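Peer 1: please work out how this folds:
(one chain, ligands or ions: 1)
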Amino acid sequence: MQVAVVTLFPEMFAALTEHGISGRGIATGLLGLTLWNPRDFCRDKHRNVDDKPFGGGPGMLMKTEPLLATIDAARAGLGERGISKSRCIYLSPQGQQINHQKVTELAELESITLVCGRYQGIDNRVIEAEIDEELSLGDFVLSGGEIAAMALLDALIRIQPGALGDEDSAMQDSLTDGLLHAPEYTRPQQYEGRAVPPVLLSGDHAAIARWRNKQRLGVTWLKRRDLLDRLELNQEQKTLLEEFKQEYWAKRA
Ligand code: 9D3
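Peer 2: So this is what the prediction gives:
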């Protein structure tokens, strides 16, 4: 997958390219990343990328011309890599909220172009002319689109085939099947009076699998009832969840 990012702060993307799974995925070419700075595509001598909003109001907006020139350059850059189509996405607080399904949908594409806004956003004519889709991280305010773009990129990289050491772990991730994960423990077996659940030390794989399934249902019921409400549980899952609730109320009594 080839991703072009339009940003006034390309240095921020070192957080992605220099560390961990995302760093390796980009270094090995599982995901190609190019960064395009509107500052480099200004034609006026002061290299202005922002201006005051018509009609008044607080703050500044990103100007149309440098942004459109940058998107054009990014498109040409992708063209040199043999890519003729790239979905143009504007990271915006007014966009649809990104979720796992959206990430898997975008991962199917050959290329995307991510436009990061700064200030109070971008001139609406850029949206009309070039933007296919607006995406948000959620209903809270960031100071720009870069961190949202990086979050989306990180999610895209880790589901590319071969990105994770253990091929199965993307599949085993929470939320791919609508349930949260069971609690996990590592050494020591006892920590300040808190013991690891004995079944995990039993070596009984069937019992462990049953305990984990029960915990997944229970943890989802406790922490994210909204997720559980969207699922159609089978009879075994209903039994496991009832057992979890019994044990939960017994412990709290
Ligand atoms: C004046 C009203 N706001 C626009 C609806 C102003 C505004 C707030 C924050 C304009 C731009 C921004 C910067 N935010 C992003 O670029 C952004 C964002 C976010 O703030 N929250 C969640 N997801 C995203 S994706 C990009």
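
Peer 1: going by C-alpha atoms from here, please, whenever you check contacts or count neighbours.
Peer 2: Will do.

Peer 1: can you name the next helix or strand after the helix-or-strand element of the chain with minimal mean pLDDT?
Peer 2: When the helices and strands of the chain are scored by mean pLDDT, DSSP states H and E, helix 169-172 comes last with a mean of 64. Next along the chain after helix 169-172, taking DSSP states H and E as the criterion, comes strand 190-191.

Peer 1: residues contacting that next one, please?
Peer 2: Here strand 190-191 makes contact (C-alpha atoms under 8 Å, 6 or more residues apart in numbering) with Val196.

Peer 1: just give me how far it sits from the chain centre.
Peer 2: Centroid separation for strand 190-191 versus its chain: 34 Å, with C-alpha atoms, centre = their mean, to the nearest Å.

Peer 1: now stretch 92-109
Peer 2: 8 Å.

Peer 1: may I see the buried residues of it?
Peer 2: Across stretch 92-109, burial judged by 16 or more other C-alpha atoms under 10 Å covers 92-93, 95-96, 98, 103, 106-107.

Peer 1: OK, contacts around Arg47?
Peer 2: Neighbour list for Arg47: 39-40 [criterion: C-alpha under 8 Å, 6+ apart].

Peer 1: where does the chain have low pLDDT?
Peer 2: 166-172, 174-176 (pLDDT under 70).

Peer 1: outline the domain layout of it.
Peer 2: Listed by automatic domain parsing, the domain ranges of the chain are 2-158, 174-252.

Peer 1: hmm, back to that, what is the most widely separated pair among the buried residues of stretch 92-109?
Peer 2: Spatially, the most separated pair among the buried residues of stretch 92-109 is Pro93 and Ala107, at 21.7 Å (C-alpha to C-alpha).

Peer 1: could you dump stretch 195-208 to PDB, C-alpha only?
Peer 2: Presented in PDB, the C-alpha positions along stretch 195-208 are these (Å, rounded to 0.1, in the frame of the first residue of the first chain):
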ATOM      1  CA  ALA A 195      -2.600 -14.300  42.600                       C
ATOM      2  CA  VAL A 196      -2.800 -15.300  38.900                       C
ATOM      3  CA  PRO A 197      -6.100 -17.200  38.300                       C
ATOM      4  CA  PRO A 198      -5.200 -20.800  39.000                       C
ATOM      5  CA  VAL A 199      -6.800 -22.200  35.800                       C
ATOM      6  CA  LEU A 200      -4.100 -20.400  33.800                       C
ATOM      7  CA  LEU A 201      -1.400 -22.500  35.600                       C
ATOM      8  CA  SER A 202      -3.400 -25.800  35.300                       C
ATOM      9  CA  GLY A 203      -2.100 -26.900  31.900                       C
ATOM     10  CA  ASP A 204      -5.700 -27.900  31.100                       C
ATOM     11  CA  HIS A 205      -6.100 -26.200  27.700                       C
ATOM     12  CA  ALA A 206      -9.800 -26.900  27.400                       C
ATOM     13  CA  ALA A 207     -10.500 -25.300  30.800                       C
ATOM     14  CA  ILE A 208      -8.300 -22.300  29.900                       C
END
